[in-house]
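*Asks:* have a look at this prediction, sequence included:
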Protein chains: 6
Amino acid sequence: MSLNGKKYIMLVEEGFEDLELWYPVIRLREEGAEVKLLGREKGKTYIGKHGVPAVSDCTVADVSADGIDGLLVPGGWAPDKLRRDKGILELVREVNEQGKLVAAICHAGWVLASAGMLKGRKMTCVSAIVDDMVNAGASYIDQEVVVDGNLITSRTPDDLPAYMREIVKRESK
Amino acid sequence: MSLNGKKYIMLVEEGFEDLELWYPVIRLREEGAEVKLLGREKGKTYIGKHGVPAVSDCTVADVSADGIDGLLVPGGWAPDKLRRDKGILELVREVNEQGKLVAAICHAGWVLASAGMLKGRKMTCVSAIVDDMVNAGASYIDQEVVVDGNLITSRTPDDLPAYMREIVKRESK
Amino acid sequence: MSLNGKKYIMLVEEGFEDLELWYPVIRLREEGAEVKLLGREKGKTYIGKHGVPAVSDCTVADVSADGIDGLLVPGGWAPDKLRRDKGILELVREVNEQGKLVAAICHAGWVLASAGMLKGRKMTCVSAIVDDMVNAGASYIDQEVVVDGNLITSRTPDDLPAYMREIVKRESK
Amino acid sequence: MSLNGKKYIMLVEEGFEDLELWYPVIRLREEGAEVKLLGREKGKTYIGKHGVPAVSDCTVADVSADGIDGLLVPGGWAPDKLRRDKGILELVREVNEQGKLVAAICHAGWVLASAGMLKGRKMTCVSAIVDDMVNAGASYIDQEVVVDGNLITSRTPDDLPAYMREIVKRESK
Amino acid sequence: MSLNGKKYIMLVEEGFEDLELWYPVIRLREEGAEVKLLGREKGKTYIGKHGVPAVSDCTVADVSADGIDGLLVPGGWAPDKLRRDKGILELVREVNEQGKLVAAICHAGWVLASAGMLKGRKMTCVSAIVDDMVNAGASYIDQEVVVDGNLITSRTPDDLPAYMREIVKRESK
Amino acid sequence: MSLNGKKYIMLVEEGFEDLELWYPVIRLREEGAEVKLLGREKGKTYIGKHGVPAVSDCTVADVSADGIDGLLVPGGWAPDKLRRDKGILELVREVNEQGKLVAAICHAGWVLASAGMLKGRKMTCVSAIVDDMVNAGASYIDQEVVVDGNLITSRTPDDLPAYMREIVKRESK
């Protein structure tokens, strides 16, 4: 188990893409990492786009960038809600500034755009939001996973194998 | 009936905000206008975010900017899908270039951003997408309705009375 | 805005036809009128036939016929429940006796029948309930909107443009 | 099995009250009777108010009053649709004129009202439609089951034991 | 009414097969018996596989085998949950040991298997669980209803007429 | 990627536990393996217990035990349907007889019981089906994952990290 002792945050909100949230969470746990779900309310059951539930473990009040090794953002409609929360954007920004893992798949790029951390970064995302990413200063690349330092991004659920392969590789070092 | 003889297009896709599509459509019909629903397929039943159905009357192949007096875009998740269609973006651009009504509410601004028509325009939208609008060159104003020439925009379903008051006023001249 | 200062009540119950409730409510607000939703419970979220929610603002305990300019009844299955409530039937009767607007669309005629106000009145309704209306003493006419003094009625959601055109015309005088 | 060789029709349409359709159907089959479901389409799956499915065996084109021993109508929203069908109303009328069993529970009375067979009949029904029944000429009695010759009626699903007790008793003679 | 004064328990849990629970309950009531629904919580609304609700009247704490004449188990997914409850299995065992009616349809056999009461018994069930029944010591027979002393079993909802015919016959003696 | 060139089958049917199907599928793909979904129909979209879809790639007619490296069975209600299919049971038996991976989680043990491959095997499963497993000859152990030669089993979705850790470990050798 290559990630023993490491700690990660997965953001959660209504309408998350079910597998884009759960595959990374269970995958990191398989490697021995501790993963907590962070929502705008604690102990709340959020329902995914297809119907899978996910209970939040904590809020931004319980977590600091210093205390974690990275943060992941699921796709679906959750990012549309997450990006409205200033505390969550602040946490994303700090994790990025500390050079820790920021991982985003599908529509998750919206959260990074609103956190103001995409200027000059190479990344990928679902086709629908490419214009928003480019307008936010990102350099878009159409491939299954893009690694730009601490920023790892993918396009859709089909990219999950490549996405987690790169995430585990980087975090295991 | 102040809009007798006028013709409008309402865009439609899965997950449209139910009232943001239907209130303007019925309202324009009350004034005597002809309103058609344009989708990526013709004769297809699209289901709104809450469950109200809407059947498309035509596709971009059946319509030209020359033949209509304006185009409206509903909110909800429909804009996320509509902006991926090049033919639809082209139609929006042409309607705008001819100085005809382009009306957008809530998340509909995404379609205008991808049509590349927001540079230097005053507008409003739902809070979630303000960053995307500003990054696309728009000047965001937080009020129930913003009229900037042929562009009329509102924020949420609560703004529908003000939105349609301005649309009917402009189009009745 | 031709209805500034006027006050209306829209009745609400589970299973209301979504557009038959919301189109008239928003339309009257567009003309400057104040519209409140009256249900058998206050502050309750009722869900429309297709899924659109509507929160009640008040109950019959909060309203009197003297204090309003008219009352509207939506279709769908809501009328089947509304007609079981004696307080609501009493309010409908008083509004009618004061010669103020009573507007009913689709299945809403059931509420008027149970309020005992249809004898000798000209009206229209959805085809399913024509027998009930005629048995209650009404004179049924198959057209998009029927105006008989203070009573304005329509058949289905397709008639909403004609319905509200007549309602706004009468109330604006 | 007291009803061996007897044949009955249960009407079916979207939104039937699940137990008001299925309890009588299975109950008559338990007594050896043949029961067919008659809908406006043949071989169609109709879904009950709560979600139980029911497939229609035949339409009015396949059945005559002469060939059956009686007809039953379920409650729920199905009667609102059934009463719009002239062929079905004609069949109900003929079964009644031949003095054969006509059984109706809950909202099913609407079908009898539109068939014009309630004048001077004693009956019961769900509270919501009492006014419609009385206006159609019926004499309403508030009890779990009312037997008036060939007409047997009940109020709600809670009355099913009494309803079928009387139906089996009459038909077994 | 052949079962006046008799008392039965129907077990209830989420996902019960709607008609396999309700048809026997109403049928026994039609014969004058008192039937109570026993769940793991009292006064809770359980929802059937298709959507029909059922409210529990009591728990095992309120009932003893001595005080009832028999116990019925519905099919659907409810048996998968019921068999995890030791108190319920104990009640089933006692009712069986007292030679009182134990009736099971479809997947209900799982509850009997976990109660350890199938060794050497003749029975039937839905095809999916035949292996589990045989492994539990039962002798499986593929027919609509199997009566082995106090144990009465059927396969699917289509067998309900035969199932209740045998149950009422045995209990009426 | 430790499983390059390996081929696995995941069984699929209506009501599969969403994560118990998708987590192993994507996980094996992350390691470079080819994973196909085998259903009773090809190209059919099956819906998980919570709502996640899964399209079948093949049927038993397209696959032989010789051509694959192992087979996995998801939990949920899918096993109740899968165990009724003789072709599928035959495939499971052959994979087991060839000493290739057979992996089962939650309710998936039912398929192994009906395939007749549990006699004398150590295994685990969801609590509800322990009696069925023991009656089928298995030796039940209550721990997150049990490895008995080619048979790897777990109890619930919470055990997925341990389950896939053992599966990848065995298959990577």
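*Replies:* Done, it's in.
*Asks:* tell me the contacts of A:Ala103?
*Replies:* Going by C-beta atoms under 8 Å, 6 or more residues apart in numbering or on different chains, A:Ala103 touches A:24, A:70-73, A:151-153, A:163, A:167. C-beta coordinates here come from the backbone N, C-alpha and C atoms, glycine included.
*Asks:* do that again at 7 Å, thanks
*Replies:* By C-beta atoms under 7 Å, 6 or more residues apart in numbering or on different chains, the residues touching A:Ala103 are A:70, A:72-73, A:152, A:167.
*Asks:* of these - the most surrounded one?
*Replies:* Within these, neighbour counts (other C-beta atoms under 10 Å in any protein chain shown) peak at A:Val73, which reaches 32 neighbours.
*Asks:* wait, that residue touches A:Asp80, no?
*Replies:* No: with contact defined as C-beta atoms under 7 Å, A:Val73 does not reach A:Asp80; the gap is 11.8 Å.
*Asks:* helix or strand: which one has the residue in chain A positioned nearest to chain D?
*Replies:* In chain A, no residue comes nearer to chain D than A:Gly51, which is 16.8 Å away by C-beta to the nearest C-beta. Assigning secondary structure by DSSP states H and E places A:Gly51 outside every helix and strand.
*Asks:* which residues touch it?
*Replies:* With contact set as C-beta under 7 Å, 6+ apart, A:Gly51 has these partners: F:50-51.
*Asks:* list phi and psi for it.
*Replies:* Note on A:Gly51: its backbone torsions stand at phi 130, psi 0 [degrees, to the nearest 10].
*Asks:* which one is A:Ala108 nearest to, not counting chain neighbours?
*Replies:* Sequence neighbours aside, A:Val73 is the residue nearest to A:Ala108 in space, at 3.7 Å (criterion: C-beta to C-beta, 6 or more residues apart in numbering or on different chains).
*Asks:* beta partners of that neighbour?
*Replies:* Bridge pairing for A:Val73 (DSSP bridges) gives the partners A:Ala104.
*Asks:* got the contact list for it?
*Replies:* Contacts for A:Val73 (C-beta under 7 Å, 6+ apart) come out as A:11, A:79, A:103-104, A:108, A:111.
*Asks:* what ranges do the strands span in chain A?
*Replies:* Taking DSSP state E to define them, one finds strands in chain A at A:7-11, A:34-38, A:45-47, A:53-55, A:70-73, A:101-105, A:122-123, A:139-140, A:145-148, A:151-154.
*Asks:* turn those strands into a markdown table, including mean pLDDT and distance to B:Val63.
*Replies:* Listed next are those as a markdown table, based on pLDDT from 0 to 100; distance: least, C-beta to C-beta, whole Å:
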| stretch | mean pLDDT | distance to B:Val63 |
| --- | --- | --- |
| strand A:7-11 | 98 | 41 |
| strand A:34-38 | 98 | 46 |
| strand A:45-47 | 98 | 38 |
| strand A:53-55 | 98 | 43 |
| strand A:70-73 | 98 | 38 |
| strand A:101-105 | 98 | 36 |
| strand A:122-123 | 98 | 36 |
| strand A:139-140 | 98 | 31 |
| strand A:145-148 | 98 | 38 |
| strand A:151-154 | 98 | 36 |
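*Asks:* ok, which of those strands comes nearest E:Ala128?
*Replies:* Evaluated with C-beta to C-beta, the strands of chain A place strand A:53-55 nearest to E:Ala128, the distance being 27.1 Å.
*Asks:* which residues are contacting the closest one?
*Replies:* The contact list for strand A:53-55 (C-beta under 7 Å, 6+ apart) reads A:12, A:16, A:21, A:37, A:43-48.
*Asks:* at 6 Å what do you get?
*Replies:* A:12, A:37, A:45-47 (C-beta atoms under 6 Å, 6 or more residues apart in numbering or on different chains).
*Asks:* the residues you listed: which two are farthest apart?
*Replies:* A:Leu37 and A:Ile47 (13.1 Å).
*Asks:* and the residue of chain A closest to chain D, how close does it get to A:Glu31?
*Replies:* In this view, A:Gly51 and A:Glu31 are 27 Å apart by C-beta to C-beta, to the nearest Å.
*Asks:* also A:Tyr163?
*Replies:* Per C-beta to C-beta, A:Tyr163 is found 14 Å from A:Glu31.
*Asks:* which one of those two has more residues nearby?
*Replies:* The residue with more neighbours, out of A:Tyr163 and A:Glu31, is A:Tyr163; 31 against 19, by other C-beta under 10 Å.
*Asks:* so what's that one closest to, chain neighbours aside?
*Replies:* Using C-beta to C-beta, 6+ apart and skipping the chain neighbours, the partner closest in space to A:Tyr163 is A:Ser154 (4.0 Å).
*Asks:* these two touch, right, that neighbour and A:Cys106?
*Replies:* No: contact criterion C-beta atoms under 6 Å: A:Ser154 and A:Cys106 do not qualify, at 7.4 Å.
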